[in-house]
Structure formats: structure tokens, C-alpha cells
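> Output the structure for:
(2 chains)
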Amino acid sequence: MSNRIKSKLQEDKKLLSIYFTAGYPSLNDTVQIIQDLEKNDVDMIEIGLPFSDPLADGPTIQESSTHALKNGMTTELLFDQLKDIRKSVSIPLIIMGYFNPMLQYGVEAFCKKCHEIGIDGLIMPDLPLDVYQSDYEAIFKKYGLLNIFLITPQTSDQRIHQIDKASDGFIYMVSSASVTGSKSGFGQEQENYFERVAAMNLKNTQIVGFGIKDAETFKQATKTAKGAIIGSAFIKHLTANGITKIADFINKIR
Amino acid sequence: MNYNADEKGYYGEFGGAFIPEMLYPNVEELRANYLKIMYEDSFQEEFNQLLKDYVGRPSPLYFAKRLSEKHGCKIYLKREDLNHTGAHKINNTIGQILMAQKLGKTRIIAETGAGQHGVATATVCALMGLECIVYMGEIDIARQAPNVARMKMLGAEVRPAKSGSRTLKDATNEAIRDWINNPVDTHYIIGSAIGPHPYPDMVTRFQSVISEEIKWQLKEKEGRENPDYVVACIGGGSNAAGTYYHFLHEPEVGIIAVEAAGKGVNSGESAATSALGKVGIIHGCKTMLMQTPDGQITEPYSISAGLDYPGVGPMHSHLYKTGRAEFYSATDDEAMAAGLELTQLEGIIPAIETGHAFAIFAHKKFKKDDVVVISLSGRGDKDLNTYIDYFKLA
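Here you go, the predicted model:
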């Protein structure tokens, strides 16, 4: 079977991807949130595996992660919650987390479990390109998992080409020099960067993340990119409204 | 066996650079340039001049007569406590501020636990006229008030880290986030032998002036360069790395590390990483780390803010794993008692971190002729409140 992410990227539309932290607001909300997101025409989901020390995240995701861990979320429990997810959900699912919990679970065991569940890809921001290629690429491929790499406005053209070559699926284009959830709106600097990357004719499409929170920023981000990822803004919505009003949030985006 | 970092920053299986792409340009720029810059004649000249005239190096190697009599061996103290700002930390910040200038950086960030590294960073920023922001855990801000005041007086901004255990680990997280948010003009001066490559190696090289001096100083006093043992306390492990450096490949020199056991290694309130840790990733490097079976980093505890860290530098993980170093841990009580003993026998009030190194005598018996060099990494002025409370001196 071809990877669901790759099929989705073929669709003739701008993609909306949503990130949430597994185990937040309540420990067992995971499946309900995923089902509701699909029902509301979200294209792709990033399931956040919470980590105690999320270096690339701002206060919102730090807090949701801390909360999820206090609720009792673990790697094993997340896999258990997701074991029947493919009976009800068909959009691409990505697990986003930090490398240490994966390393402790065992990289191969983790990938195998993802494959059994029907996870399509992984985003591990602190697993660097060279370590991935030398130690883990064969394992990811064996289990049909796409590894999604990040680029930022500071990433050199040469490095972007190197990442493009190593990528399969899409490139996660971090919108600005920031941790998650910390910038409001996009300026000229971002637009120049989006255009610079668009002009590079990369083999992988790009999906923009960090700083997207509403219809306007979604539209700006997807002017040149294939799609955009919303994380912190969605977590804030869950914090304020619980999990019963997911449609309200998604319908405001597009 | 090689105990130094290889080209990719690995000490055996430990080290490397496990960083998000956002940090890659900065860390890569440093990695590609640090050795070249560091060993330029002009850099060495300026570095050595500042160590001599500003820091007050060489720091004395002092024969501690009464302590030696008490413990039945020949004890020498490497007096890093006499450095400007009161600890070994300044050796590294002098080196890194010069490095930052060569790289054209104008804004400096740092993390601090006990505040010694924060003060040392704020000091060199004042010296060079650079903007300085120091991240410090909220808990540590409360227990190290004099150092907070010193940093502010030196013109630094002290930003509290309010997440997690609100100590050194969280201050480091916040500093890393700041660097992600400010990737162009900022240099991050890491204070310990931790972090992504090239930090552990760079910090170790700047601190290696300690063991370099011990060699010639001991030669003058004992007629030989190599002691039987070198002893240092370890949190992240920068004073230890500098104390061991020139002895790593001298097999007749025993290397001893003393970690903080807090209220006891198995009390659940401890920072004894070698005893309690497992291999994992923290702050950009692979090393021994206190964590849950699920890979969540656990909250350490020690009475000393500078040792209150759940990991240890990758060089030290390698020394532990290969058996090159003997690892011990001292409880709060043992460290405080050792600090008081040093004060009353030699008239030197050590930092509580340093007190852990002196607690070695509660754990290991040395032979009469053994020459034991202990890194007296910092002075205890900053800890007076803790000493006063603990010994009910007020």
C-alpha cells in the first residue's frame, strides 16, 4: 500500500494539518480528537507524544505536554489508544515527538509499533539528519515510515537541498526563527523566505508550521506552500473550549 | 583508549549533536570554527593575558597540611576559588566571550544553576560591553540571592525559568529556546561540559588550564607532574573535565568523581547521575541521564544548585562506562560536614558544590604517601545563607 501522506500530497488542494498533544486535555481524548478532526475535513494529523523537556516548543505546548504527562500519558499507552484507529480514520497520521522517548522504547520496536497501528510518518526535531541517515534510515524504511525534516529561514540553500534529497514526502518549513506558538502574523521576511524556497524547485513539497493560527495566516502560509500545520492555536482552543467544539475552530480556518 | 572527543564530538558512544534544525546553523558555525579560532596565536595571547591579569591565574596549588594530617595522605588543593568571581567558571566564559567576538556575535545568553556561571558570564559581558541575558531557575534564584544581585549589578538581565523543577535543567531549556528565537546575533555560553558538540569539548579545553597548571605546580612541590589521584565534584562536569584533562591518558593517575547524592542515592531526591541514570538524550547530547523508563527526564535534587542536574557531560559518561574514573556520590549531609571541616581545618569556606569533592574522605581511604589533588572549584560566599540555616549559625 502506498503511504497515505504521499497520496494526500497528490490531492489538488491546500492541506490543513493539525497538531495536538496526546493525553491533553484528558488522558483518553486521543481517539475522539482524531476522529473529530477527520470528520471536519482536516487533511493530516500530527499526534504529539509529550516530552518532559520540549526544547523547540513555546509555553503552550510545554504546558499541554506537562499536563499530558501528569495525566499519565506514556509511549505504551499512546500506542494502546491508537491500536484500532485505522478502523475509523483514514487520513494520514504522523507522530511528532522528541527522540529520547523513542530511543528508550527502542527505535525499531517504536517503528514496528507505528507500522502495525498505521502511522504514516514521524517528526523527531532533535533526531539530526546525519544520525538518522547513518543509524536509523533503514529501520524507518523497513516499516514504511516517512521521516519529516525541518527547515528554517536560517537554513542554507545547500542544506535545504541536502534535506530535500534525504526527504520523502514533504518538508516541514518552520515559518520563522522561533519556538512554537511565539510569533503573530507573517511579515515581508517570511514571504521572502517562502518565495525563496518555492523558487528552489525541490522534489518534496513544503508544509509550513509555527505561527499559523487563523484563516489569514493559513492563507499567507499556503500561498506558495502545499499546506500548513496549526498546533499551539488549536491547543489553546482545546484549553478554552474542551474537545466538543473542534468544528468551530476548524471551520474558521478555511 | 581515547578519552577525548572525536571529530563528531563522540566520547565512545556518548556525545554528538542531537539538535533541532533551528539550532543547526549556529552550532555548525561554531563546530566548523572553534578549533581554528581557539588556536590562533592572537586568540591564545589574549586568552592567556586575561587569565593572568584579570582572573589572577595561575591559581595556587596549596598543600593542605592539617587536612592531610586528618586524612592520612598528602592533600593538595587547586585553588579555583581564588579566581576572580570565585570559581573555575570564569576560565570558560573568558574563552567563550572571545570566541563570540570572533564570530561577530553581539548578544550573549547563558544558563546558570548556582549562579557562578551566570556571574562569570555577566562579568565578561561587562568587560567586553556586550548585552547579557542569564536564565536561572526560580528555585535557584531564591537560594542563590547574592549571585542574582551580582549579575544584576554587572548589568545582566536575569530571567527566571518557571517550568519543570525550576532549576538548572529548566534554565538550560529556556536558554536553548532563546537561541532558537535569536539565531543570528546571539552566542550561547554554556557553562558546563554538556550540550551539543562542540560545547563539551570546547568547554573542556578552556577549563584544561586547571590540569595544565597542576602538572608544573606539582612538579615544583613534589618533583613529579602526576599525582596519585585527582578529585572533583561533578554536576555537568566542567571543573572535573578541566581538572582531569591532562591526566586522562596518564594511567598512573587515579581519576575520582563525586556526584551529589542529595538525601541519599535511593531516596528519590538525588542527582547521582552515574548511579541512577541510563543512556539518553539531554540538551543536545547523548549521555547518562536520570529518566523514567519511558524516557521522560526526571527532576533531580541536591542541596547545591550547581550539581542539581539530571545529566552529566558526555566525557564523564565515557569515563564512567570505561572504568577510567571512579565515581562516588556524597549526600547533602556529607557535603556540608566536609565543607565545615575544610573551613575549620584550613580556614577556607568552600562552595557547597565543592564540599561534595571533599566528602570523598568519607568514602575512600587513601594511603599515607598518596598525593591527592582536589579541585577547590569555588568559594562559599554565595552559600552563606544555606550554611547558616543548616548549621543554625544565626
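> hang on, residue A:180 in a strand?
No. Looking at residue A:180 with DSSP: H, G, I helix; E, B strand; the rest coil, it is coil, so not inside a strand.
> Enumerate the residues of the stretch 151-254 of chain A near chain B.
Residues of the stretch 151-254 of chain A found near chain B (Cβ under 8 Å from any Cβ of the partner chain) are A:151, A:152, A:154, A:155, A:156, A:159, A:163, A:174, A:177, A:178, A:179, A:182. Every C-beta, even on glycine, is put in place using the N, C-alpha and C of the backbone.
> redo that, cut-off 6 Å
A:152, A:154, A:177, A:178, A:179 (Cβ under 6 Å from any Cβ of the partner chain).
> If we ignore the residues flanking it in sequence, what's nearest residue 237?
No chain specified, so I'll use chain A. Nearest residue to residue A:237, sequence neighbours excluded (Cβ to Cβ, 6 or more residues apart in numbering or on different chains): residue A:249, at 4.4 Å.
> let's do chain B instead
For residue B:237, the closest residue by Cβ to Cβ, 6+ apart turns out to be residue B:313, at 3.9 Å.
> Now that neighbour: phi and psi?
phi -60, psi 150 (degrees, to the nearest 10).
> can I get the residues of the stretch 151-254 of chain A next to chain B in CSV with neighbour count?
Converted to CSV, these look like this (neighbours: other Cβ atoms under 10 Å in any protein chain shown):
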residue, neighbour count
A:152, 24
A:154, 19
A:177, 20
A:178, 21
A:179, 25
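> quick one: which of those residues is nearest residue A:105?
Among those, residue A:179 lies closest to residue A:105 (Cβ to Cβ), at 25.0 Å.
> Let me know whether the closest one touches residue B:177 as I believe.
Yes. Between residue A:179 and residue B:177 there is a contact under Cβ atoms under 6 Å: 4.9 Å.
> any idea how far residue B:111 lies from residue A:162?
31 Å (Cβ to Cβ, to the nearest Å).
> Comparing the two, which shows the higher neighbour count?
residue B:111 (31 against 16; other Cβ atoms under 10 Å in any protein chain shown).
> Three-state assignment for the more buried one, please.
Going by three-state DSSP: residue B:111 is strand.
> got it, and residue A:101?
Applying three-state DSSP: residue A:101 is helix.
> That one: neighbour count?
24.
> need the contact list for it.
A:75, B:295 (Cβ atoms under 6 Å, 6 or more residues apart in numbering or on different chains).
> residue closest to the middle of the chain?
Let's take chain A. residue A:46 (4.0 Å; Cα atoms, centre = their mean).
> ah, no, chain B please
Centre-most residue of chain B, counting by Cα atoms, centre = their mean: residue B:238, 3.1 Å.
> contacting residues for it?
B:192, B:193, B:203, B:207.
> Is there a neighbour count for the last one? I'd like the number.
Right, residue B:207. 29.
> Where helices are concerned, which of the contacts of residue B:238 count?
B:203, B:207 (DSSP state H).
> Buried subset of the contacts of residue B:238, written for ChimeraX?
Buried residues among those (16 or more other Cβ atoms under 10 Å in any protein chain shown), as a ChimeraX selection:
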select /B:192,193,203,207
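> what two of the contacts of residue B:238 are the furthest from one another?
Going by Cβ to Cβ, the pair spanning these furthest: B:192 and B:207, at 9.7 Å.
> Mean pLDDT per helix and strand in chain A: which one sits at the bottom?
Ranking every helix and strand in chain A by mean pLDDT, DSSP states H and E puts helix A:188-198 at the bottom, with a mean of 91.
> quick one: that one to chain centroid distance?
21 Å (Cα atoms, centre = their mean, to the nearest Å).
> Next one: residue B:374 relative to chain A, how far apart?
33 Å (Cβ to the nearest Cβ, to the nearest Å).
> so who does that residue touch?
B:77, B:231, B:357.
> Check residue A:193 too.
residue A:153 are the contacts of residue A:193 under Cβ under 6 Å, 6+ apart.
> and the gap between it and residue A:159?
Residue A:193 is 14 Å from residue A:159, by Cβ to Cβ.
> same question, residue B:383
Counting by Cβ to Cβ - residue B:383 and residue A:159 are separated by 46 Å.
> what do you get for residue B:210?
37 Å.
> Repeat that for residue B:12.
28 Å.
> Next: residue A:89.
35 Å.
> ok, the helix or strand containing the residue nearest to the centre of chain A: who's next to it in the sheet?
If you go by DSSP states H and E, residue A:46 is part of strand A:44-48. Strand A:44-48 sits in its sheet next to strand A:15-21 (parallel), strand A:93-96 (parallel), going by DSSP bridges.
> near chain A, which residues of chain B?
B:18, B:20-22, B:25, B:163, B:173, B:176-177, B:180-181, B:183, B:280-281, B:294-297.
> Sitting in strands, which of these do you find?
Mapping these onto strands (DSSP state E) picks out B:280, B:281.
> re the thing from before, would you reformat the contacts of residue B:374 as JSON lines and include neighbour count, pLDDT and secondary structure?
Below are the contacts of residue B:374 laid out as JSON lines (neighbours: other Cβ atoms under 10 Å in any protein chain shown; pLDDT from 0 to 100; DSSP: H, G, I helix; E, B strand; the rest coil):
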{"residue": "B:77", "neighbour count": "25", "pLDDT": "98", "secondary structure": "strand"}
{"residue": "B:231", "neighbour count": "29", "pLDDT": "98", "secondary structure": "strand"}
{"residue": "B:357", "neighbour count": "30", "pLDDT": "98", "secondary structure": "helix"}
